[in-house]
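Student: Sequence first, predicted coordinates after that:
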Amino acid sequence: MRSTPLYLGIIAALTTMTVRAEPLEELVVSARHDTRTIDVTSELVISPDVAQLLKKAPGANVNSNGPITGIPQYRGLFGPRIATSLDGAQLAPSGPNWMDPPLSYAVGAQLESLEIYRGIAPVSVAQESLGGAIDARTYQGDFGTGDHFALHGRVTGSTQSVNQGYNLNTALYASNNQHRVKVAAMTESGDDAEFSDGDITPTEYQRQRYDLGYGFRSGDHTFQLDYGYNDTGDGGTPALPMDIEYIEGDLVNLSYTLERGNGLTVDMDLYGSALDHRMTNYQLREAPPAQRWRRNTASSDNLGFDVSSTLADDNGAWVFGLDAFSAEHDSDIDNPNNPMFFVSNFNSAQRDVYGVFIERQQEFDNNWRGELGLRYNRVEMDAGKVDGTPAMMPPAQMLRDAFNDAQRNQDDNNIDLVAKAWYQAGNNTNWYAGLAQKNRSPSYQERYLWLPLEATGGLADGYTYTGNIKLDAEVSRQIEFGMDYNSGAFTVSPRLFYNKIDDYIQGTPSPVAPAVMFVSMMNASNGSNNPDPLQFNNVDAELYGFDLDWSWRMGERWSTSGLVNYVRGKRDDINDDLYRIAPPNATFRLDYAAQRWQAGIESVLYARQDNVSTTNNEKQSSGYAIFNLSAGWQATARLQLAAGVDNIFDRKYRDHLGGYNRARNDDIAVGERLPGYGVNAFARIMYEF
């Protein structure tokens with residue numbers, strides 16, 4: 001198997017959620033290359049899934065397969081189409097079904113900011129950002145002003161009633177003018193969640209996280225070294241065929257920043273992670289017969305770097321750099337009751353991306369500014385030979401042999417282009433337009449899944465899939481228009497967008513006869529009725545819609561705000577809709593803020609979704625409305641208390657992005673769309689010292 005040595009590239013390259021002490025906690029979702037910033041006050045980080053915070057940003061949503069497995073969705077695209085980084089570092093999930101999406105490794109109580117690049121992301125932000133970009137930034141502590149060390153810290157604890165869940169996070173910081181040290185630990189746990197008619201089983205979870213950080217500053221130079229250890233235990237994923245037994249891993253990030261007074265900034269990151277994951281279909285849910293027990297042990301080894309320089313001048317700035325990211329995946333399936341059974345699902349599936357980019361941010365005059373970007377990515381993929389006990393049968397044997405005899409090493413050369421412009425029409429109004437071409441090469445699941453299985457990156461549609469080694473890269477051509485209006489008391493920022501994607505990768509009815517025959521034989525053997533498999537293939541698609549956020553301050557104490565989102569995703573080659581697209585939705589919030597306390601009521605409304613994928617046998621969903629209450633009190637300069645109730649009327653509803661139940665449950669039928677959580681009272685305490 002060919003593997004381009006990433007370390008050679010490293011050697012060559014080397015010649016706002018705000019949770020610090022504020023009067024009341026503020027979540028900042030920002031886009032640095034745009035003029036808009038969304039401030040959501042009194043946001044309580046109760047959910048163990050940081051991805052749920054994305055619902056506070058226009059255009060964003062979450063595909064939830066379990067309580068800690070939220071996969072970001074933005075304007076109808078999700079999963080690997082959205083670039084997600086943690087403190088600037090990429091991460092490839094260890095699980096082939098994305099039980100550990102990148103954002104699941106972010107610790108909510110330690111976040112400094114959660115940045116959403118609205119619409120078209122700059123080429124300098126990420127390698128593959130066809131569906132947008134997200135960056136979660138952790139608070140590392142601040143350098144001091146003198147030689148003496150100062151110690152401070154924060155303890156945060158929360159609890160919620162819907163699953164008897166709790167979260168406890170402690171972080172200590174010591175710093176002077178040259179050194180800073182961080183030590184942090186988090187533990188959280190929850191039982192099966194409740195809804196109005198019973199329990200959602202299995203949705204229990206448990207997780208611990210430990211972090212160490214050290215920073216050094218000397219003049220214009222800053223170094224930062226961070227290490228994190230993630231230890232996730234049992235975790236239910238009722239929308240998937242298996243549940244989490246464990247997810248363990250080490251994450252390391254070394255960064256360097258140079259800031260010159262002449263406008264020159266240099267940023268360098270070298271990062272890696274080693275992640276191990278095991279899932280089963282018999283521990284947390286009702287077990288199948290012993291001969292059908294399955295255990296999947298998977299791993300992901302990641303290594304990457306990026307180097308970028310920004311050179312500011314009187315008319316703007318040049319940004320240029322290079323980056324690389326390498327991920328290798330293994331996944332093996334066995335049956336603990338049968339030592340003879342095995343499936344080599346993915347064997348050293350390698351995906352390397354090498355990129356170089358240049359970007360110009362230009363101030364044309366007092367009214368016009370623009371951004372032009374060009375990026376080239378080289379994507380190299382390969383995988384080792386596979387085998388398995390099912391290959392003793394002719395259909396699986398033919399699939400195995402065809403895969404092993406194929407030319408598995410594949411290369412793509414992708415070029416991204418971005419052009420954006422802003423026009424200041426007056427003191428209160430800015431107009432915006434953007435054009436882009438973005439590319440994404442196939443994931444290792446889409447290219448190298450050789451046996452019909454549901455290892456599909458969390459699609460959770462109930463179909464088995466096979467990959468397609470000969471897939472082409474997706475090519476997206478996007479256009480968007482928008483306006484930002486700010487009168488001081490009233491702000492509104494609407495966006496219209498259109499996204500045409502050639503060679504969109506989508507499951508279609510499999511033309512591979514051995515794959516269809518294999519599923520049919522498994523049905524006859526197990527008494528199941530699984531549908532014929534799908535194969536990942538290139539089709540054509542388009543997505544269009546609009547999103548906006550707004551706020552209105554009604555005097556000194558009262559304010560109101562909200563979001564409105566609409567996206568439509570369709571196939572171009574046939575008359576069908578894209579799978580798992582969020583229905584039209586809106587959020588409205590009314591807040592009252594006094595000197596030391598605040599309270600708010602929020603309504604969340606979702607329309608029915610009847611534009612569903614026939615190919616994926618997707619079911620329509622009904623609309624609903626739920627109401628939430630929250631309040632916060634700054635008891636002292638160091639102590640903050642907050643509490644609230646979500647779904648105060650205990651409304652039974654079903655989130656279109658919540659998936660279908662795959663586990664036997666007396667309260668929810670198999671194949672039924674999973675219900676949302678019932679009434680949930682929660683509280684949080686934060687103490688800083």
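Tutor: Ah, there it is. Numbering: from 1, shown residues only.
Student: residues of the strand or helix carrying residue 508 that come out buried?
Tutor: Assessed by DSSP states H and E, residue 508 sits inside strand 490-509. Using 16 or more other CB atoms under 10 Å as the test for burial, strand 490-509 gives 491, 493-495, 497, 499-508. For every residue, glycine as well, the C-beta is placed using N, CA and C.
Student: Does anything pack onto it? Which helices or strands?
Tutor: strand 474-486, strand 534-554 (3 or more CB pairs under 8 Å, 6 or more residues apart in numbering; DSSP states H and E).
Student: From the buried residues of strand 490-509, pick the one nearest residue 527.
Tutor: Of all the buried residues of strand 490-509, residue 527 sits closest to residue 507, with 24.7 Å by CB to CB.
Student: beta partners of the nearest residue to the closest one once chain neighbours are set aside?
Tutor: In this structure, residue 507 finds its nearest non-sequential neighbour in residue 534, 3.4 Å apart by CB to CB, 6 or more residues apart in numbering. Applying DSSP bridges to residue 534 gives these bridge partners: residue 465, residue 509.
Student: Quick check, residue 534 in contact with residue 579.
Tutor: No: if you go by CB atoms under 8 Å, residue 534 and residue 579 don't touch, sitting 10.5 Å apart.
Student: Give the residues shared as contacts by these two.
Tutor: Jointly contacting residue 534 and residue 579 under the rule CB atoms under 8 Å, 6 or more residues apart in numbering are 615-616.
Student: now the stretch 1-150 of the chain, which segments are flagged as low pLDDT?
Tutor: 1-45 (pLDDT under 70).
Student: Can you tell me how far residue 130 is from residue 70?
Tutor: 20 Å (CB to CB, to the nearest Å).
Student: go on, residue 218?
Tutor: 40 Å.
Student: Kindly report the same for residue 285.
Tutor: To residue 70, residue 285 is 20 Å away according to CB to CB.
Student: ranges for the strands of the stretch 101-250 of the chain?
Tutor: 111-117, 133-138, 150-160, 165-175, 179-190, 193-195, 198-200, 205-218, 221-235, 243-259 (DSSP state E, counting those that start in this stretch).
Student: For the first one, name the packing helices and strands.
Tutor: With contacts defined as 3+ CB pairs under 8 Å, 6+ apart, the packing partners of strand 111-117 are strand 26-30, strand 133-138.
Student: higher neighbour count, residue 285 and residue 70?
Tutor: residue 70 (27 against 20; other CB atoms under 10 Å).
Student: Could you pull up the residues touching residue 96?
Tutor: 296, 298, 329, 331, 345-346, 445, 455-457.
Student: no, scratch that, I was asking about residue 325
Tutor: Residue 325 touches 90, 127, 302-304, 352-353, counting by CB under 8 Å, 6+ apart.
Student: tell me the two of the residues you listed that are most distant?
Tutor: 127 and 303 (13.9 Å).
Student: pLDDT weak spots in the protein?
Tutor: 1-45.
Student: Tell me where it has helices.
Tutor: 6-13, 394-405, 444-448, 513-526 (DSSP state H).
Student: Can you redo these as TSV, where the extra columns are distance to residue 279?
Tutor: Shown next, in TSV, are the helices of the chain (distance: least, CB to CB, whole Å):
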stretch	distance to residue 279
helix 6-13	28
helix 394-405	22
helix 444-448	15
helix 513-526	19
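Student: Of the ones you listed, which is nearest residue 634?
Tutor: Per CB to CB, nearest to residue 634 of these: helix 6-13, 46.0 Å.
Student: that older thread, ok, so of the contacts of residue 325, who is nearest residue 604?
Tutor: residue 90 (31.6 Å).
Student: who's in contact with that closest one?
Tutor: If you count contacts by CB under 8 Å, 6+ apart, then residue 90 has 83-84, 102, 127, 271, 302, 304, 325 around it.
Student: What separation is there between residue 334 and residue 408?
Tutor: Distance, residue 334 to residue 408, by CB to CB: 24 Å.
Student: Between these two, point out the one with more neighbours.
Tutor: Applying other CB under 10 Å to residue 334 and residue 408 shows that residue 408 carries more neighbours, namely 21 against 18.
Student: Can you pull the phi and psi angles for the more buried one?
Tutor: Backbone geometry at residue 408, expressed as degrees, to the nearest 10, gives phi -80, psi -20.
Student: next one: residue 387
Tutor: phi -160, psi 170.
Student: which residue packs closest to it, ignoring adjacent ones?
Tutor: What sits nearest to residue 387 in space, not counting adjacent residues and going by CB to CB, 6+ apart, is residue 344, at 5.2 Å.
Student: how many neighbours does that neighbour have?
Tutor: The tally of other residues near residue 344 (other CB under 10 Å) stands at 19.
Student: List the residues that contact it.
Tutor: 332, 386-388.
Student: quick one on the thing from earlier: nearest to residue 593 among the contacts of residue 90?
Tutor: Using CB to CB, residue 84 comes nearest to residue 593 of the contacts of residue 90, at 32.4 Å.
Student: Tell me how far the closest one lies from residue 466.
Tutor: 27 Å.
Student: what does residue 327 give?
Tutor: Using CB to CB, residue 327 is found at 21 Å from residue 466.
Student: what's the answer for residue 574, then?
Tutor: 20 Å.
Student: between the strands of the stretch 101-250 of the chain, which one is nearest to residue 461?
Tutor: Nearest of the strands of the stretch 101-250 of the chain (CB to CB): strand 243-259, 18.1 Å.
Student: in the closest one, what's buried?
Tutor: Buried, per 16+ other CB under 10 Å, within strand 243-259: 243-245, 247-249, 251, 253-256.
Student: Which elements pack onto that strand?
Tutor: Secondary-structure packing of strand 243-259 (3+ CB pairs under 8 Å, 6+ apart): strand 221-235, strand 264-280.
Student: What pairs with it, parallel or antiparallel?
Tutor: When DSSP bridges is applied, strand 243-259 pairs with strand 221-235 (antiparallel), strand 264-280 (antiparallel).
Student: and those, which is most packed in?
Tutor: Among those, strand 264-280 has the highest mean neighbour count (mean count of other CB atoms under 10 Å), at a mean of 20.
Student: how far does that one sit from the chain's center?
Tutor: Strand 264-280 sits 15 Å away from the centroid of its parent chain (CA atoms, centre = their mean, to the nearest Å).
Student: Kindly report the same for stretch 579-596.
Tutor: The answer for stretch 579-596 is 20 Å, by CA atoms, centre = their mean.
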